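Student: Give me coordinates for this.
(one chain, ligands or ions: 1)
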Amino acid sequence: MTSASPVFDFAVRAIACINCGAPQRVPPGGGTVECGHCRSALVIEPRRVESTRSEPAPLPASAYDLEAFLRSTGCEGKPWSETLPVFRAAWNEARRQPGVEGGYRLYGATAMLATGHGAQGDQLARRAVLETAVELLPDRGHRCILRCHLARAANRLGEREAALAWLGQCDATGLAEVVADEIRVTKASLANAAGHHARVLELVPPAQQATGASASLGAQLRIDSLESLGRDDEARQELEIAIERHGREVVLGWMAVNELGPRSRAAFTTVHTTASPRSSAPMTVAIVLVLLALAGGVAIWVLAAIN
Ligand SMILES: [Zn+2]
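Tutor: As a prediction, the model looks like this:
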């Protein structure tokens with residue numbers, strides 16, 4: 001992908017075909033577009049501008065709980081090859097009724113399906129399901145969190161301008177705190193990638209104070225930024241706390257995926273291998289799952305953990 005055609009460019013739109021699901025580039029003003037895959041005629045509405053949308057009552061924090069959604073599908077810990085068809089079916093159904101349960105099912109199915117596409121390296125499909133849902137979801141908080149996914153995905157591809165544009169559409173005013181947490185961690189992710197490490201420490205609270213679904217990613221970013229600032233002792237302390245709170249395999253596995261905090265990870269592994277040989281022994285099931293996830297394999301822990 002060249003910088004001339006970023007996958008996540010905010011100035012263009014990508015929508016999933018309502019018939020076959022293939023991602024389609026469509027004009028911001030909408031119109032009739034022929035699906036390049038199944039040849040269906042797609043009637044696309046103009047892009048919806050955030051400031052003109054009606055505002056339903058704010059939702060409780062539970063409306064944003066992706067882990068609960070994942071559990072409800074029975075797909076936790078299964079390979080993407082098995083779960084993607086399940087998420088695709090749930091998504092297809094939910095996009096036709098985006099207002100059901102305040103949009104929770106569309107939101108959950110979107111996060112899972114998009115993450116699955118990302119794990120398989122299909123960035124345009126990932127974008128299209130996220131953007132399609134952003135345009136359909138009635139709740140501003142759901143839209144914010146999915147835009148954060150778009151921003152982080154763009155950031156990970158080095159598309160910083162696109163990442164900032166998606167993030168710029170997020171406003172958590174008056175919504176559950178978890179939405180603001182997600183935005184802060186996403187800002188921290190962009191700051192970390194840009195080398196603004198002191199800013200990361202301002203945005204994300206220390207591991208022992210962090211809450212919510214984005215706490216694990218926030219901790220990973222802090223550890224990496226502390227390390228980049230030469231504050232290795234603090235980085236190691238925070239890594240110990242993060243592991244205690246979120247689990248060793250989750251934290252170390254995702255830090256490896258996100259290439260964060262290499263010195264702290266190495267130090268942790270050395271210390272804990274010496275002190276307790278059993279803890280480094282054989283591959284536990286969880287470690288195997290992380291390694292499969294590295295290879296784009298497993299629908300677990302993925303939701304707020306991807307940098
Ligand atoms: Zn199609």
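Student: so where do the strands sit in the chain?
Tutor: Assigned by DSSP state E, the chain shows strands spanning 13-16, 23-26, 31-34, 41-44.
Student: Would you format the ones you listed as JSON lines with mean pLDDT, distance to Thr83 and mean neighbour count included?
Tutor: Any C-beta I mention is one placed from the backbone N, CA and C, and that applies to glycine too. Shown next, in JSON lines, are these (pLDDT from 0 to 100; distance: least, Cβ to Cβ, whole Å; neighbours: other Cβ atoms under 10 Å):
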{"stretch": "strand 13-16", "mean pLDDT": "94", "distance to Thr83": "18", "mean neighbour count": "23"}
{"stretch": "strand 23-26", "mean pLDDT": "93", "distance to Thr83": "20", "mean neighbour count": "20"}
{"stretch": "strand 31-34", "mean pLDDT": "93", "distance to Thr83": "30", "mean neighbour count": "12"}
{"stretch": "strand 41-44", "mean pLDDT": "92", "distance to Thr83": "27", "mean neighbour count": "14"}
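Student: export the ones you listed to JSON lines and tack on distance to Asp233?
Tutor: Below are those laid out as JSON lines (distance: least, Cβ to Cβ, whole Å):
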{"stretch": "strand 13-16", "distance to Asp233": "45"}
{"stretch": "strand 23-26", "distance to Asp233": "46"}
{"stretch": "strand 31-34", "distance to Asp233": "56"}
{"stretch": "strand 41-44", "distance to Asp233": "54"}
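Student: Nearest to Arg140, out of those strands?
Tutor: Proximity to Arg140, assessed across the strands of the chain by Cβ to Cβ, is greatest for strand 13-16 (19.2 Å).
Student: With Ala235 as the reference, name the closest of the strands of the chain.
Tutor: Closest among the strands of the chain, using Cβ to Cβ: strand 13-16, at 37.8 Å.
Student: Need the residues that contact that closest one.
Tutor: Contact with strand 13-16 is made by 22-28, 42, 44, 47, 95, 124-125, 127-129, 131-132, 135, as judged by Cβ atoms under 8 Å, 6 or more residues apart in numbering.
Student: same deal with stretch 145-165?
Tutor: 1, 6-11, 64, 107, 110-111, 114-115, 118, 123, 126-127, 130-131, 133-134, 137, 166-167, 169-170, 179, 182-183, 185-186, 189-190, 193-194, 306-307.
Student: Buried residues in that stretch, which are they?
Tutor: Neighbour-count burial for stretch 145-165, with 16 or more other Cβ atoms under 10 Å as criterion, is recorded at 145-156, 159, 162-163, 165.
Student: With stretch 171-189 instead?
Tutor: Going by 16+ other Cβ under 10 Å, stretch 171-189 has these buried residues: 171-172, 175-176, 178-189.
Student: Looking at the residues you listed, which are in helices?
Tutor: Under the assignment DSSP state H, the buried residues of stretch 171-189 contribute Val178, Val179, Ala180, Asp181, Glu182, Ile183, Arg184, Val185, Thr186, Lys187, Ala188, Ser189 to helices.
Student: So the second one versus Tyr64, what's the distance?
Tutor: Using Cβ to Cβ, to the nearest Å, Val179 is found at 7 Å from Tyr64.
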